Structure formats: C-alpha cells, structure tokens
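Engineer: Got a predicted structure here, sequence first:
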Amino acid sequence: MHSVGISQVEWTSVALPIGISFYTFQTITYSIDVYRKIHPPLEKVSDYLLYIMSFPQMIAGPIVRFNSIASQITNRRDHVDDRLIGFYRFSIGLAKKVLIANVMAEQADLVFNNELSGVSTSTAWIGILAYTFQIYFDFSGYSDMAIGLGKMMGFTFPENFDSPYISRSISEFWRRWHMTLGTFMKDYLYIPLGGNKVSSKYRLYLNLWIVFLISGLWHGASWNFILWGAYHGLFLILDRLFLIKLLNKAGRIASTLFTFFIVMMGWVIFRLESIDSIGIYLNHLFSFQNNLEFETIPAFKLILVLALIFSFITAFNFGKKLSQFFFESNIYKSHQHILFTIASVILYVLCISSITSSGFNPFIYFRF
C-alpha cells in the first residue's frame, strides 16, 4: 500500500477543539429539551450563544442541561453573598487541581511515561494510585471552579461529584462520579432505549452496555476508552445479577475497598491507549517483583495522605457534616465569611505561587 502512495487514515489522530464533547452536549440538550417542549426556545440569539459557548464549565464540566439553566439565563440574581460563596468554591477547586492533582499527575507521569516493561510492582502501584487521585482531584477541582465562577456570575450549576471513592458498588460509583454525565446518558440515551421498562433482562443488560460503550467513546476516539466503558458496563450488569447482594453481605469496609480496587483497575485501561501496554501494566501490578524499589517526587507522600483523607473523609459522619457545611450551605454568618475569605485567599495565593514557580500544570481534558 505504501509503495503506491496509499497510507492508512489514523482516525484516532483527528484534531478536535478542546472541550468539543461539552459543546456537543450543550447543543444536544437545547435541541431535545425544546423539541420535547420541556422549555420554550430562547428568544434572543445572544442568550442562545451564552448557553452554548460562554459558561465557565464548557471545558471540563459539569454538563449543564438547558432545562435546568434556561430561566437563569434571562433572570439571574446578583447578590454579594453569592459572589463570596462562589469565590470560596473556586478557591477550593483551584487548590484541588494545583496543590493535589498536579502533584499526583507529576508522579503518575513519572511512572506511565517511562518504559513499562521495566516497572516494578511497587512502582506500578504508586503510579496507578497517583493517577487515581490525579483524575479525581483534577476533574472535581475543575467542576468546583466552574460552579464557583458560575455562582459569582449569578448561575447555579449542578453538582458533579459526591465523594465517589467511598462507593460500595460500581452502580453507586456512577451515581457519585461525573453525575451530570450520568443523568445526561440516562435521560437522553438509556430511557429512550427502553430503560428498565423492557421486555427482557437481556435487553436491559444490552441497554446498559450500549450506554457505557458510548460513555467510553465520549472521552475520546481511542479503543482504550471503549474498553473502559465496556469494563464498567460489565460490572454494572454484574451488580444487577448478584454483586450488590454479595457486597452488602461483605460489609461497608470490604465493599468500599473492593469497589475502589475495581475503579483503580479501570483507570489503568483509561490511562494507557495501547492494549499491549494495558496488559503489561496489569501484569506488573500482580507480578510481585522488586516491591521495595520505586521513585517518588519529594511532595508525593504528603499529598497522597491528604488525597486519601479528602477522598474518604465523608465515609464518616463528621466528614459528611463538614462536606455539607462547606458545599451545601448558602448562608453564612459574618464571622464565618471572614474566616472563609481568609482561608480562600491563602489557598488562592498558594495556588498562584505554585503555578508561577512550576512549569508543570497539565490540562487533562484536552483528550476529551
């Protein structure tokens, strides 16, 4: 073929604008919600463009559906408390991204970007732990920043994460992880396919698998994303067959650790584009060779401890109350505003200092 000047088209190398999937979702929800008469169309072209293009969440989510935001486009409220609360949320998100996710990303790249055939078991586990927390704090951090910026502008965006790593099953994980994608797929794909109201359980399982195959493809034009979607679709089917009952009997700690392990193995598939690389990495995770030899960046161990604490603290009642106070309360007293303002400014300054002093500030969503 090459001898006559014909070469294979690399469909995975197609250049696409950053965040194209989110723009696509915005236009789809507008068209479908108007068609279903859930909400009338916007009267001004400028309002339509504001919905499609100008929201701060367009690059990394959350996915804002038209019917949930339409009234706010034409009738936003402007209150000083919302600006302050938005700044608090933005600062928390920025800290998640810069102070935690970036450190995890540097460690993950140190492992995944090297020759995988020489990776020891301990290094492989360090790498996947780092990536597991990188993608969570990166993604949830961007969502917090978007929600905070929206709040400052008078918009209320939907929540996108709810402590997903404390989930006790993959079904629960997908109710907590990227929640706006889950509800989008449910309302615009799963239910139109028949949802739970189908004639046989086999059609139900097929519908679940179709949804997650498409969810995987949404993340990028690469086979590993499709495989990742199929992997999660398989465990959702197993949940319905027997796994949830089994995990409930195992208890909260065992079921949480099992689910976290399954999610981590999924992130191996998600991170590595080559099927061969995925196989090599998974093999090294369980080969138990050179367990004590691994290289970590200076701040990794401390940040890993913080990542573990912040990821699992809501599994306890006091952590759940703290989370509700910081993320769900919209009314604070004057002294609380003062404390939150001081804390947010400190976080903001630390983040800016980290960004300006380091050239490493990866943007994970260029792939999606």
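Structural biologist: Arrived safely, thanks for sending.
Engineer: Now residue 282: closest residue in space, sequence neighbours ignored.
Structural biologist: residue 268 (6.0 Å; CB to CB, 6 or more residues apart in numbering). Yep, even glycine has a C-beta here, placed from its N, CA and C like the rest.
Engineer: tell me the contacts of the one you found?
Structural biologist: 128, 278, 281, 282, 285 (CB atoms under 8 Å, 6 or more residues apart in numbering).
Engineer: next one: phi and psi at it?
Structural biologist: When read as degrees, to the nearest 10, the backbone of residue 268 gives phi -60, psi -50.
Engineer: And for residue 120?
Structural biologist: Per degrees, to the nearest 10, the backbone of residue 120 is at phi -80, psi 170.
Engineer: Touching, it and residue 281? I think so.
Structural biologist: No - Residue 120 is beyond contact range of residue 281, at 11.8 Å (criterion: CB atoms under 8 Å).
Engineer: Which one's more surrounded, those two?
Structural biologist: Shown here are residue 120 and residue 281; by other CB atoms under 10 Å, residue 281 has more neighbours (22 against 18).
Engineer: before we move on, which element is the more buried one in?
Structural biologist: Using DSSP states H and E, residue 281 sits within helix 275-285.
Engineer: and which of the contacts of residue 268 is nearest to residue 107?
Structural biologist: residue 128 (10.6 Å; CB to CB).
Engineer: From residue 160, how far out is the closest one?
Structural biologist: The spacing between residue 128 and residue 160, counted by CB to CB, to the nearest Å, is 23 Å.
Engineer: Residue 127 too?
Structural biologist: With CB to CB as the criterion, residue 127 and residue 160 are 26 Å apart.
Engineer: Now residue 192, what are its backbone angles?
Structural biologist: phi -60, psi -30.
Engineer: burial measure for it, as a count.
Structural biologist: Residue 192 has 10 nearby residues by other CB under 10 Å.
Engineer: Equivalent analysis for residue 162, please.
Structural biologist: Neighbour tally, residue 162, other CB under 10 Å: 16.
Engineer: State the three-state secondary structure for it.
Structural biologist: Secondary structure state of residue 162, per DSSP: H, G, I helix; E, B strand; the rest coil, is coil.
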